[in-house]
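A.B. asks: quick one, fold the following:
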Amino acid sequence: MPSNKNIRNFGIIAHIDAGKTTTTERILYLSGSTYKIGEVDDGTTITDWMLEEKEHGITITSAAVSCLWKDSIFHLIDTPGHVDFTAEVQRSLRVLDGAIVIFCGVSGVQTQSETVWKQADKYNIPRIVFINKLDRLGANFDFVIKDIKKKLKAVILPVSVPLYKNDNIKEIIDLVKMKKISFKEDGSINEVIELSDEENIYAEKYKEEMINTLTSYDDRILELAISDCLKEEDIINSIRKGTINRKFIPVLSGSSLKNIGIPLLLDAIEHFLPSPDDIGFINGYNLKKETWEKILFKPETDLVAYIFKVQFSREKGIIAFIRIYSGKFKNGDTLFNPRTKKKERVQDLLRIFADKFERIDTVSAGDIVTVSGLKDVKTGDTLCRENYQVLLENITFPEPVIFMTIETRNALEKEKLNNAIDAFLLEDPTIVFKEDKDTGQTLIGGMGELHIQIILERMKNQFKLDLRCGHPQVAYKETAKKTASYTYEFNQKIEGNLQHVTLTLEIKPNERTKGNLIENGLNKKQSDIFPGIEKGILNGLNSGPEGAYPVTDSIVIVKDIVYDQAKTSPVAVEACANICTGYLLREAQTIMLEPIMKLEISTPVEFTGAVIGDLQSRNGIILDVHKTGELDIIFAKASLKVMFGYTTSLRSLSQGKASFTMEFLQYDEG
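C.D. replies: Predicted coordinates:
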């Protein structure tokens, strides 16, 4: 087994249809993990193993695989590109040390490209960029480089560039070696060839850019370059150092579908992306000491592991996907969950390969594995030993923006639905199931129409549930319209005792997207009661007066409280704050907010006018239009409620030639 320094834990992230799964298949094939290259269009890929993924031709759930390349072991996670499943990207990046970001050679930086890039920024993930699909008509390597610099504000370091013959990409120039590489039909390297004079001139401008960037961050490279002693090994080490420290992003080129450039990408993963030893540590909260401390990535230290995904399997029950940060454990060990204060026994320790599993005996720091047999766990739980209780930072997932009513066709299926709900709530933190107070029907909430559609298809395929479904409903919110204050006197008997509390609250509008803020305006003597008041206020903000929707983007200030500390229970204080908040919201006259979506529409030029006209008829706002070859990329924003069924309308307007992606932007007035 390779040591920690030879492990690479990384994910592949990108906009939908940029070629993530196709690239993953080539990596698995060339590393010897598979004997045949799977194709997305044929439904034969390793990582798109779910029936729904094969039918829709997209990645829905993150798939983890492992493979060997030269002296290293790669733990790779192929993530979804569709915005409805962006939480899968988020929780994968939470535990990964590096990422490959794939961009389409024609489209450049697209909407979801920006989203996953920002997610990688949030977790400080070192990255490699792979510009894919450079075999397509209209592909332009330099355009994508400029687009990345402009939109993502990234420092770019070209490492390999495409070489065209008769407008077809045939070879790749390795700028470190200054050699051109040709490839066999299966994607393996065919020949390493010296550059011609013309090719050398073409490559030299990129090589000069690469060296200039390196010398800007690495004084040693500057000294070696001046003395003309710069070697290939020096360049590789400098690129590795700068990549890990997030000074710049190495960029490689190729075409995964045409099997061009993948061996260079594999070498770049090994050479440039960090090992667990390079990252070194993660911050954890020691429950006994009540302080944050560094958790070192060492197998000989105390065990700290993180559950980043939970999945339900009919054969194995609950399966937990785990990243081990420090320490080690083996089959049969008893672990401790600080959240539940319960012990959990490891029944089966498994190395995962998409939907297949290999039993292993032990795991240690740096590994990503799955464990079956855990009873009460969820995404975001930390596992440790009982004598060393640590919590790692949890993941915050976005709230649903769309709901749909579902109901069983008969009473016998009600239990099956409840079992399905339990399984999906465990697996997907972005799904919500709740009861409609007016009709008694079950509501399913998700990140978009496709998200809910996939869940319903999985209920049918996995749980044999044929549900009746209503029309999609928007998840509205409310916010305070103006500043207001209210004083409420609470006089009620609780457990036989008369409780009296007088509370004064003030509310004022907060900035959009800033959420709710509760401020403590009490004096020091009164502040001990603030947590109970805060809890009551939060409960009161769950339902606004305008439409009983959650209240957001509001600041509530606790101004004053009068109560008898000896005779007043915490329950009375909380109840008083809850009721007072309700009256306060009526005084502030809340207004409705709705989800505003960001759109990116790719359409042939001849349909641009019709598409823009249709968007404007929906009260959409056009933000920008970019020309890319024979296509126009329209950037716009519109209310979610007017975008239901847009796929059908767009196909009709463009003779089926246009496509679009949509992601949540913010809550605002419609």
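A.B. asks: name the SS class of residue 283, please.
C.D. replies: Of the three states, residue 283 takes strand under DSSP: H, G, I helix; E, B strand; the rest coil.
A.B. asks: count of neighbours near the closest residue to it other than its chain neighbours?
C.D. replies: Nearest non-adjacent residue to residue 283, counting by Cβ to Cβ, 6 or more residues apart in numbering: residue 292, 5.3 Å away. Just so you know, the C-beta spots here come from the backbone N, C-alpha and C atoms, and that holds for glycine as well. The local packing of residue 292 (other Cβ atoms under 10 Å) involves 13 other residues.
A.B. asks: show me what contacts residue 292?
C.D. replies: Contacts for residue 292 (Cβ atoms under 8 Å, 6 or more residues apart in numbering) come out as 283, 284, 285, 286.
A.B. asks: surely residue 633 forms part of a strand?
C.D. replies: Yes: applying three-state DSSP, one finds residue 633 inside a strand.
A.B. asks: and it, what are its bridge partners?
C.D. replies: When bridges are called by DSSP bridges, residue 633 pairs up with residue 602, residue 626.
A.B. asks: dump the residue contacts of it.
C.D. replies: Residue 633 neighbours (Cβ under 8 Å, 6+ apart): 107, 110, 600, 601, 602, 625, 626, 627.
A.B. asks: so the fifth one touches residue 659, yeah?
C.D. replies: Yes: counting by Cβ atoms under 8 Å, residue 602 touches residue 659, with 5.3 Å between them.
A.B. asks: any chance of the contacts of residue 292 in a markdown table, with neighbour count and distance to residue 205 too?
C.D. replies: Output for the contacts of residue 292, formatted as a markdown table (neighbours: other Cβ atoms under 10 Å; distance: Cβ to Cβ, whole Å):
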| residue | neighbour count | distance to residue 205 |
| --- | --- | --- |
| 283 | 11 | 43 |
| 284 | 24 | 47 |
| 285 | 17 | 50 |
| 286 | 14 | 53 |
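A.B. asks: returning to what we had before: element containing the residue nearest to residue 283, please.
C.D. replies: For residue 292, the host element (DSSP states H and E) is strand 291-296.
A.B. asks: and the helix or strand following that strand, how far out from the chain's middle?
C.D. replies: Next along the chain after strand 291-296, taking DSSP H and E as the criterion, comes strand 304-313. Its chain's C-alpha centre lies 15 Å from the corresponding centre of strand 304-313 when counted by Cα atoms, centre = their mean, to the nearest Å.
A.B. asks: then stretch 448-461?
C.D. replies: Per Cα atoms, centre = their mean, the centroid offset for stretch 448-461 relative to its chain is 19 Å.
A.B. asks: ok, and for it, which residues are buried?
C.D. replies: Judged by neighbour count using 16 or more other Cβ atoms under 10 Å, the buried positions of stretch 448-461 are 448, 449, 450, 451, 452, 453, 454, 455, 456, 457, 458, 459.
A.B. asks: state which helix of the protein is the longest.
C.D. replies: helix 197-217 (DSSP state H).
A.B. asks: which residues does that helix contact?
C.D. replies: In contact with helix 197-217 (Cβ under 8 Å, 6+ apart) are residues 155-159, 161, 163, 173, 175, 178, 180, 195, 221-222, 225, 230, 235, 238-239, 242, 247-248.
A.B. asks: so which of these are in strands?
C.D. replies: 156, 157, 158, 161, 163, 173, 180 (DSSP state E).
A.B. asks: ok, which pair from these is furthest apart?
C.D. replies: 156 and 180 (21.2 Å; Cβ to Cβ).
A.B. asks: ok, those two, which is more surrounded?
C.D. replies: residue 180 (22 against 19).
A.B. asks: what's that one in contact with, if anything?
C.D. replies: 163, 171, 172, 173, 174, 192, 193, 194, 195, 199.
A.B. asks: mind giving me the packing neighbours of the strand or helix carrying the second one?
C.D. replies: The one in question is residue 171. Using DSSP H and E, residue 171 falls within strand 168-174. Contacts defined by 3 or more Cβ pairs under 8 Å, 6 or more residues apart in numbering; DSSP states H and E place strand 168-174 against strand 160-165, strand 179-183, helix 197-217.
A.B. asks: re the thing from before, turn the contacts of residue 180 into TSV, including pLDDT, neighbour count and distance to residue 488.
C.D. replies: Listed next are these as TSV, based on pLDDT from 0 to 100; neighbours: other Cβ atoms under 10 Å; distance: Cβ to Cβ, whole Å:
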residue	pLDDT	neighbour count	distance to residue 488
163	92	19	75
171	93	20	76
172	95	27	71
173	95	25	73
174	95	21	72
192	92	11	79
193	92	13	82
194	93	9	84
195	92	18	80
199	92	17	79
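A.B. asks: save the residues you listed as CSV, and put in distance to residue 210 too.
C.D. replies: Putting the contacts of residue 180 into CSV (distance: Cβ to Cβ, whole Å) gives the following:
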residue, distance to residue 210
163, 16
171, 18
172, 15
173, 12
174, 11
192, 19
193, 20
194, 19
195, 15
199, 16
